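Undergrad: Quick check, what structure comes out for this input:
(2 chains)
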There are 2 protein chains.
Amino acid sequence: MKGNIVVGQSGGPTAVINSSVAGVYAAAKKLGVKKIYGMVHGIEGFLEDKMIDLGDYLDDETGIELLKRTPSAFLGSCRFKMPKIEGHEDVYEKIFEIMEKHDIECLFYAGGNDSMDTVKMLSDYAAAHNKPQRFMGVPKTIDNDLPVTDHCPGYGSAAKYIAASLKEIIRDNESFGAKKPTICIVEIMGRNAGWLTAAAALAKGDDCSGCDAIYLPERVFDIDKFMADVKELAATKSSVVIAVSEGVKVADGRYVCEIGREVAVDAFGHKQMSGTAVMLADKIAAETGLKTRAIEFSTLQRAATHLASLTDINEAFQVGYDAVMAAEEGKTGMMITLDRNGDAPYQCGTSAYDIHAIANVERNVPDEWITADGKGLTDGYEKYARPLIMGELQPLFVNGLPRHLVRK
Amino acid sequence: MKGNIVVGQSGGPTAVINSSVAGVYAAAKKLGVKKIYGMVHGIEGFLEDKMIDLGDYLDDETGIELLKRTPSAFLGSCRFKMPKIEGHEDVYEKIFEIMEKHDIECLFYAGGNDSMDTVKMLSDYAAAHNKPQRFMGVPKTIDNDLPVTDHCPGYGSAAKYIAASLKEIIRDNESFGAKKPTICIVEIMGRNAGWLTAAAALAKGDDCSGCDAIYLPERVFDIDKFMADVKELAATKSSVVIAVSEGVKVADGRYVCEIGREVAVDAFGHKQMSGTAVMLADKIAAETGLKTRAIEFSTLQRAATHLASLTDINEAFQVGYDAVMAAEEGKTGMMITLDRNGDAPYQCGTSAYDIHAIANVERNVPDEWITADGKGLTDGYEKYARPLIMGELQPLFVNGLPRHLVRK
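TA: Model prediction:
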């Protein structure tokens, strides 16, 4: 590679998105790239020419190790949707102008479905206008809903946090062993796909009885049936813990959290979820008189780098690294995918795949991994997900707390 | 000690309450005590003669190490209030009868204010009726509100979890750097005392700007002033994160979370908190149109043994151990206190203190540790609290998750 490169982060943060930046940096260094830029707040900041020189932070291996242990988007993120090309050529030209100004040959963008749309639009524009610059997508989303790739960096760590926290919540909820159980409803992220909520199934093991029911958005949520399920559980158990996706919908298409209140909408037209657990817990308390508790993992499930999966950290690094290597081979308009070669032992490689098959496509939890009663996951899911949460990378503790790398 | 002993756990669980059971066990073994019983679900289970032989679980050091890494009450907890003696002699006689039946010479009870009342009532009854059995309190509460002792086992780990999670939440909230900030309200436990919420102050450091405001229940909460503070912050910052105690009250004495809804009450007459952050976040969203997020740490803050403080684990073990040693010396009706001897280096010893000065007394955050504007903590608090969150004990990870010890 003769020119420089730039890497950006986009969309909701994950516990390991910075490991992908570290991977991009390491590969570019290996190739002798002179300037490795980071866009501040993604393409939105790039349009204002806001960049940092990653060498200022990562020139030694300590910086890279610290970056791997840093949650959220080190470079800053954005939720910027590229406009359609027709009538907005100025926005596109501006990006190429900034790239030329800094002699940037390749742009790497780490993100999920919406961010891959940015990669697609930019590479399409380059192809249509004979621009030499190349654009590569680096997968990242706790939602795990990108197609083609076996799984998405960020998912394993979120799943590990969810399963580990649920083990702690279940033990806490069991501690009183009262005749009247406490009903604990735990709300987990995932607008349309149930991957994160499915991770609740991983809590179960020799030392944990697991969740009593797990409700994914892949199935219609029947509130009457849910209430009957809860009452049945409450009649026989001294502790009930139920995991429910923030994205569960009733038969008429409304989200459960929308029932009885207004819900805000973001720049991509996505409804801002949350409130599902509170709504259900309040309903149970009102109808049964039982003690209830609503817990939302909220942003902790995507930011808890202190409990990240080492497998996930390593794979996030690898997709960043391999995106640079693919660009070095002249590839553009592609995303790096994780390709599983085996479960036992778990093995995973990567390849580059056409971004057009990926951008804006969402992948749900397969039907066959949801149990027939719609309240749990099969062994097939466990076999898929367990390897993704394996391994730990101990945080660097300073003054009793995990230390993070920050932009100056 | 010639007879056997029994240890029980009571009240809300903590991340390290099991370490105290391990300490009791280790000391009793050292003294050659034959049977070391654990009461299942505290004094409530003991009244039904429900016990386990701790030797079945802890006979090797692996068991003890695993118990130290196990959250929530391994023995099961209860919220059982001893009735006043007059008119309820049968309840007291029943307890002594069960003790005699199993040749139990000493009873150790780990808990907070309410649990120390049980120790007081039982030792008072023994004194009044010339019973030879002895009763010792082992301090335990994330609330850190027991008097006399410098701090309470359980607090350091909860504080570490709160500060570490806030660092992650703050980074996440900062990631978008939008012109319009997201206002994140984080609700922290603590019915009357602000110790847990104060721990939010520990998040601040070289790599974290910290919370923008911290509201403790030690100060009257003025909603109008709060709204003005939020609007001022929102006008100048791209991210606002505010920590607020679940126990904040307005001038007329109502909890903020009570405003506009009914609140349940437990066996001790304590109101069941939660909902403060949601109430405030909804109000901000309605009045400003800004994006808000409400996060409650809920039971995670008391159950997150995966992020426990090693100092806390060791001290929890020590107070259990020293309670047995004090009983061996013939002491009864006392609680073990932690006595700080120095901050730098941090040093802490223990002694036994009259339970009458401890039971039912609550200690608040001292006035001089709350900043004049009522929205933060002073360096005095930092100096007090920082040593308590120092050190880590790596969980034993099995299949990607922390492994716990369970009763058969």
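Undergrad: make it CA atoms for all contacts and neighbour counts henceforth
TA: Fine.
Undergrad: Against chain B, how distant is A:L300?
TA: 6 Å (Cα to the nearest Cα, to the nearest Å).
Undergrad: Which secondary structure state is assigned to A:V7?
TA: Three-state call for A:V7 (DSSP: H, G, I helix; E, B strand; the rest coil): strand.
Undergrad: number of nearby residues for it?
TA: As a burial measure, A:V7 scores 28 neighbours (other Cα atoms under 10 Å in any protein chain shown).
Undergrad: Touching, it and A:H41? I think so.
TA: No. Contact between A:V7 and A:H41 fails when scored by Cα atoms under 8 Å: they sit 10.7 Å apart.
Undergrad: Enumerate the positions of stretch A:216-234 that are buried.
TA: A:L216, A:P217, A:E218, A:R219, A:V220, A:F221, A:F226, A:M227, A:V230, A:K231, A:L233, A:A234 (16 or more other Cα atoms under 10 Å in any protein chain shown).
Undergrad: Surely the first one is in contact with A:V248?
TA: Yes. Using Cα under 8 Å as the test, A:L216 is close enough to A:V248 to be in contact (6.4 Å).
Undergrad: what sits against the most centrally placed residue in chain A?
TA: Central residue of chain A (Cα atoms, centre = their mean): A:I142, 1.5 Å from the mean position. Contacts for A:I142 (Cα atoms under 8 Å, 6 or more residues apart in numbering or on different chains) come out as A:T14, A:C152, A:P153, A:G154, A:Y155, A:G156, A:A158, A:L196, A:R302.
Undergrad: The fifth one and chain B, how far apart?
TA: Applying Cα to the nearest Cα, one obtains 14 Å for the distance of A:Y155 from chain B.
Undergrad: Tell me the confidence at the closest residue to that residue other than its chain neighbours?
TA: Sequence neighbours aside, A:I142 is the residue nearest to A:Y155 in space, at 4.1 Å (criterion: Cα to Cα, 6 or more residues apart in numbering or on different chains). Confidence at A:I142, expressed as pLDDT, is 96.
Undergrad: Three-state assignment for A:I162, please.
TA: Strictly by three-state DSSP, A:I162 counts as helix.
Undergrad: Check what pLDDT A:V263 gets.
TA: In this model, A:V263 is scored at 56, pLDDT.
Undergrad: With chain B as the reference, measure out to the residue nearest to A:Y155.
TA: Taken as Cα to the nearest Cα, the span from A:I142 to chain B is 13 Å.
Undergrad: And what about A:V241, helix, strand or coil?
TA: Applying three-state DSSP: A:V241 is strand.
Undergrad: likewise A:Y37?
TA: Looking at A:Y37 with three-state DSSP, the answer is strand.
Undergrad: Please name the residues that touch it.
TA: A:Y37 touches A:N4, A:I5, A:V6, A:V7, A:M51, A:I52, A:D53, A:L54, counting by Cα under 8 Å, 6+ apart.
Undergrad: wouldn't the first one be in contact with A:E105 here?
TA: Yes. The pair A:N4 and A:E105 qualifies as a contact (Cα under 8 Å) at a distance of 5.7 Å.
Undergrad: low-scoring pLDDT stretches of the stretch 251-400 of chain A, where are they?
TA: A:260-274 (pLDDT under 70).
Undergrad: can you pull out the helices in it?
TA: Remark: helices assigned in the stretch 251-400 of chain A by DSSP state H, counting those that start in this stretch are A:276-288, A:300-303, A:310-328, A:379-385.
Undergrad: which two from the buried residues of stretch A:216-234 end up farthest apart in space?
TA: Based on Cα to Cα, the longest span within the buried residues of stretch A:216-234 runs between A:E218 and A:A234 and measures 25.3 Å.
Undergrad: circling back to that earlier point, filter the buried residues of stretch A:216-234 down to the ones close to chain B.
TA: Of the residues in the buried residues of stretch A:216-234, proximity to chain B by Cα under 8 Å from any Cα of the partner chain holds for none.
Undergrad: Can you flag which of those residues belong to helices?
TA: A:F226, A:M227, A:V230, A:K231, A:L233, A:A234 (DSSP state H).
Undergrad: any idea how far the fifth one is from chain B?
TA: Right, the one you point to is A:L233. Relative to chain B, A:L233 is positioned 20 Å away (criterion: Cα to the nearest Cα).
Undergrad: Next step: the contacts of A:I142 restricted to helices.
TA: Using DSSP H, these in helices are A:Y155, A:G156, A:A158, A:L196, A:R302.
Undergrad: Go through the residues you listed and name the one nearest chain B.
TA: Among those, A:R302 lies closest to chain B (Cα to the nearest Cα), at 8.3 Å.
Undergrad: For the residue nearest to the closest one when sequence neighbours are not counted, grab the count of nearby residues.
TA: Excluding its sequence neighbours, the residue lying closest to A:R302 (Cα to Cα, 6+ apart) is A:T14, at 4.6 Å. A count of nearby residues for A:T14, using other Cα under 10 Å, gives 31.
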